[in-house]
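Undergrad: can you look at this prediction? I've put the sequence above it.
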Amino acid sequence: MDGLNTVLEYLTSVPAWYLATSVDGQPHVRPFSFAQIQDGKLWFVTARTKDVWQELLQNQRFEATSWWPGHGWLILRGRAGLDDRALGEMREAGWKHLEHLGEHYEGPNDPTLVFFSVEDPEAFICHHDEWVPVEL
């Protein structure tokens, strides 16, 4: 399995993973649970009305982590690509995913929804005594 698919598997094999942003020197962390690959990049979805989007507009750097029992944890670092180029299939999947979580939007093309790519990614699979870089 290639590195990008390994990262995707760590993110999608658990109910939630955590994404941290930092604005004004104050870290902010929140749960995420949607990830998909499109055009050779990892993509996430959120809403333009959420604090996380406003924070990414100010500082595109983020870090995400996922604990997959029996496999270790993932640390993913990157920069949010703010150009929403989500194609129909991913847009539909992201919208349905958020609706399943209890969020409500006008459909997959609701302008409130925004997809962002992971640019300049660095990933590590970690255990208590080692960090193994994932080649991306």
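TA: Cool, the structure landed. Residues are numbered from 1 along each chain as shown.
Undergrad: who's in contact with the residue nearest to the spatial centre of the chain?
TA: Centroid check for the chain by Cα atoms, centre = their mean gives residue 44 as the closest residue, at 4.2 Å. When contacts are counted by Cβ atoms under 8 Å, 6 or more residues apart in numbering, residue 44 touches 19, 32, 34, 35, 115, 116, 118. In short, each C-beta sits where N, CA and C put it, glycine included.
Undergrad: what are the contacting residues of the top helix by length along the chain?
TA: Counting residues, the longest helix in the chain under DSSP state H turns out to be helix 88-100. Residues from elsewhere that reach helix 88-100, judged by Cβ under 8 Å, 6+ apart: 33-34, 36, 38, 43, 45, 47, 86, 105, 107-110, 113, 115.
Undergrad: what about the helices in the chain?
TA: Going by DSSP H, the chain shows helices at 3-12, 51-58, 88-100.
Undergrad: got the buried residues for the first one?
TA: For helix 3-12, a neighbour-count test (16 or more other Cβ atoms under 10 Å) marks 4, 6, 7, 8, 9, 10, 11 as buried.
Undergrad: perfect, that will be all.
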